[in-house]
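Engineer: Quick one, fold the following:
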Amino acid sequence: MASDASFDNLVKKFADLPLLDRYPNCFPDINPVDIYRSHITSILQGITGVDPKIVYSSIQWTQNSDKGDLVLAIPALRVKGKPEELGKQWLEQWPESPLVEKPIQNGNFIPFFFKHGPLRQTTITQARSHRFDFGSNKAVGLKDQSDPSKGKKRIIVEFSSPNIAKPFHAGHLRSTIIGGFLGNLYEAAGWDVLRINYLGDWGKQYGLLALGFKMYGSEEALQRDPINHLFEVYVKISAKTAKEKEEADMLQKDGKDAEAQKIKDSGLDEQARQYFKKMTEGDEEALTLWKRFRDFSIKRYKETYARLNINFDSYSGESQVSETEMEDAARKMKEMGLAEEDGGALLVDFSKHVQGKAGKSLGKALLRKRDGTALYLTRDISELLNRDRTYNFDHMIYVIASQQDLHVKQFFKVVELMGHKDIAAKVQHISFGLVLGMSTRRGTVKFLDDILRDVGEHMHSVMKKNEEKYKQVENPEAVADILGISSVMVQDMSGKRINNYTFNMEAMTSFEGDTGPYLQYAHARLCSISRKAGLSEKELDSADLSLLTEHHAIELVRVLAQWPDVVQNTLKTLEPTTVLTYLFKMTHVLSSSYDHLRIVGSEPEVMKARMALYDSARIVLNNGMRLLGLSPVER
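Structural biologist: Predicted coordinates:
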């Protein structure tokens, strides 16, 4: 079976065709549509005389199969003349083809419809032979596709990045889901992917947290649930600090300056500053406590990430950036005339270094406060330069909420102005919108674990309503948890990343409409059909695919053939919804075919052919779901 789909066999199979020239980014042995693209290119090149590379890249796939399986916009070939007349001339010379129906021009476009026999054969054969790899193309991530020994390109994806002792909220959830997906996508494209979680694990708030832990902390609660416990401690100590500040402000207002100053000099805010200063100076006791908070939190995060099918190669954080590196970066910027002192603070005024509107829109960026504390920008610059030295990456993606757009633009621009144009050219910001309607009551925060628990419980109660099917599920709580997580993730990925969306428990846990549970149901149904048919791999391998002549079978094959193209297109959009939209389209075609392509009760040979088609659909659905970070269920 596997050998049927190999490149050499395709060449033999279509030996009589002007076909399998290896064009750049053409992979006929793993993408059925590339066989047709390559074939159409060869025909068009013969008729038009246009460079085949131009022809090949001009043949586009269509969103809608009634517009053809592929389409050529005639002006894209850059031939002199009126497009309609050129098309007419070319089609008069079109030869009889064993792969493509004779095209009929549509204005400035020539749509191509594939002949079903070869498409059916190659698509089902490739899907079933490549299985989990069908759709992925490891050659894309090579440094040199003509010489794999030169190795893979390396990409860093920095995502999730919660703050220790603060809630893992909806923004972190979005960053986690999107970043996890991007890591999977680049891995499918053969890149060497490094996933970094850059924790908020440093700063004066740790001084405050340490003071709070002495007052309100419980060792037992810390070990049991570090994230919630540290958050409770942080809320209490923050409230106490705010009250002190209020008191000092009132005293000052009443002219009692000395008493107000006394609070400022010895209050919690100053104590926290002093404690953090001890941490930066390497005080062992202070750092030991901080490290315990950090280690316990990471252990708890890892459990949550595992439920979302995510693991990180590195848990770095703000604490890992040394004061010396930041001072060096700040000094370099001053020496270059990029940074300037302003009332004891250090800042970059972009309007002086970037011409026109762009400079004005970047405004001013603070590098260091008056008290000498380095700010995020300095830290981010030092960390990026450090990563370039450490990892020697080819590309890096930061998955950060759209509220940080200005900060990221300033950050990238400073790196470029510091003379690191090459590094600035390798970094990319993947931005995303807000999740609305997330807090339980006004002013209260919803932790990720709470969200996942709530949807899991909700899903469990939905499942219990169907008693008969509920009894067949081996571990209903675990399945409910997976379905709950699928609902959250699919709702998050349904629109474009940059759009805000409203968190809606009822809508996202429904089995109706385009939801996570609907995708899971579609996958479980295919597994159930496979179990009932009880056919072996060998029997499916020997299926006579020419028996698949029904309209529904042909439509399903056409959609399945598009999957490798969808994955390639997603590398351009970097939008999870590109994959999701395709999966819903495919499952809709699939569910409308069940009444017409029955398995049970059909002739043995017809049954084998239909089962090979459904097996291919299950492979594509499984691969698409796993690419998105979902865990496909079988019952």
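Engineer: where does the residue lying closest to Arg368 once chain neighbours are set aside fall, phi/psi-wise?
Structural biologist: Sequence neighbours aside, Leu346 is the residue nearest to Arg368 in space, at 4.0 Å (criterion: C-beta to C-beta, 6 or more residues apart in numbering). The way it works is simple: take the backbone N, C-alpha and C, and place the C-beta from them, glycine included. Backbone torsions for Leu346, taken as degrees, to the nearest 10, come to phi -120, psi 130.
Engineer: Mind checking what helix or strand follows whichever strand or helix holds Tyr186 in sequence?
Structural biologist: Per DSSP states H and E, Tyr186 falls inside helix 170-188. Where DSSP H and E defines the elements, the next helix or strand beyond helix 170-188 is strand 192-199.
Engineer: helices or strands up against that next one?
Structural biologist: Packed against strand 192-199, as judged by 3 or more C-beta pairs under 8 Å, 6 or more residues apart in numbering; DSSP states H and E, are the following elements: strand 154-158, helix 170-188, helix 284-307, strand 314-317.
Engineer: Check which residues of the longest helix anywhere in the chain are buried.
Structural biologist: With residue count as the measure and DSSP state H as the assignment, the chain has helix 226-253 as its longest helix. Of the residues in helix 226-253, 226-227, 229-235, 237, 240-241, 244, 248, 251 count as buried by neighbour count, 16 or more other C-beta atoms under 10 Å.
Engineer: Just the local confidence number for Arg442, please.
Structural biologist: Arg442 carries a pLDDT value of 41.
Engineer: er, Pro632 actually
Structural biologist: Looking at Pro632, its pLDDT reads 97.
Engineer: now do Tyr582
Structural biologist: The confidence metric pLDDT takes the value 97 at Tyr582.
Engineer: Once you drop chain neighbours, what's closest to it?
Structural biologist: Nearest residue to Tyr582 in three dimensions, chain neighbours excluded: Val566, at 4.6 Å (C-beta to C-beta, 6+ apart).
Engineer: Could you do Tyr198 as well?
Structural biologist: Nearest residue to Tyr198 in three dimensions, chain neighbours excluded: Ser161, at 4.7 Å (C-beta to C-beta, 6+ apart).
Engineer: packing partners for the host helix or strand of the residue nearest to Tyr582?
Structural biologist: Remark: Val566 resides in helix 563-573, with elements defined by DSSP H and E. For helix 563-573, the helices and strands in contact under the criterion 3+ C-beta pairs under 8 Å, 6+ apart are helix 32-48, helix 170-188, helix 576-593, helix 604-628.
Engineer: Could you rerun that using 6 Å?
Structural biologist: helix 576-593 (3 or more C-beta pairs under 6 Å, 6 or more residues apart in numbering; DSSP states H and E).
Engineer: Now do the closest residue to Asp514 other than its chain neighbours: how many residues are near it, please.
Structural biologist: Sequence neighbours aside, Phe584 is the residue nearest to Asp514 in space, at 4.6 Å (criterion: C-beta to C-beta, 6+ apart). Using other C-beta atoms under 10 Å, Phe584 is surrounded by 19 other residues.
Engineer: What distance do you get for Phe584 to Leu556?
Structural biologist: Here the distance between Phe584 and Leu556 works out to 14 Å (C-beta to C-beta, to the nearest Å).
Engineer: and what of Val354?
Structural biologist: Distance, Val354 to Leu556, by C-beta to C-beta: 53 Å.
Engineer: ok, those two, which is more surrounded?
Structural biologist: Set Val354 next to Leu556 and count neighbours by other C-beta under 10 Å: Leu556 wins out with 26 against 16.
Engineer: Am I right that that one sits in a helix?
Structural biologist: Yes. When DSSP: H, G, I helix; E, B strand; the rest coil is applied, Leu556 is found to be in a helix.
Engineer: so it sits right up against Thr587, yeah?
Structural biologist: No. The pair Leu556 and Thr587 does not pass the contact test of C-beta atoms under 6 Å, sitting 10.4 Å apart.
Engineer: So for those two, which residues contact both of them?
Structural biologist: The overlap between the contact sets of Leu556 and Thr587 (C-beta atoms under 6 Å, 6 or more residues apart in numbering) is empty.
Engineer: Helices along the stretch 251-400 of the chain, start to end?
Structural biologist: 257-266, 268-280, 284-307, 323-335, 356-362, 376-391 (DSSP state H, counting those that start in this stretch).
Engineer: Who are the packing partners of the first one?
Structural biologist: The contact analysis (3+ C-beta pairs under 6 Å, 6+ apart) places helix 257-266 against helix 226-253.
Engineer: Good, we can wrap up now.
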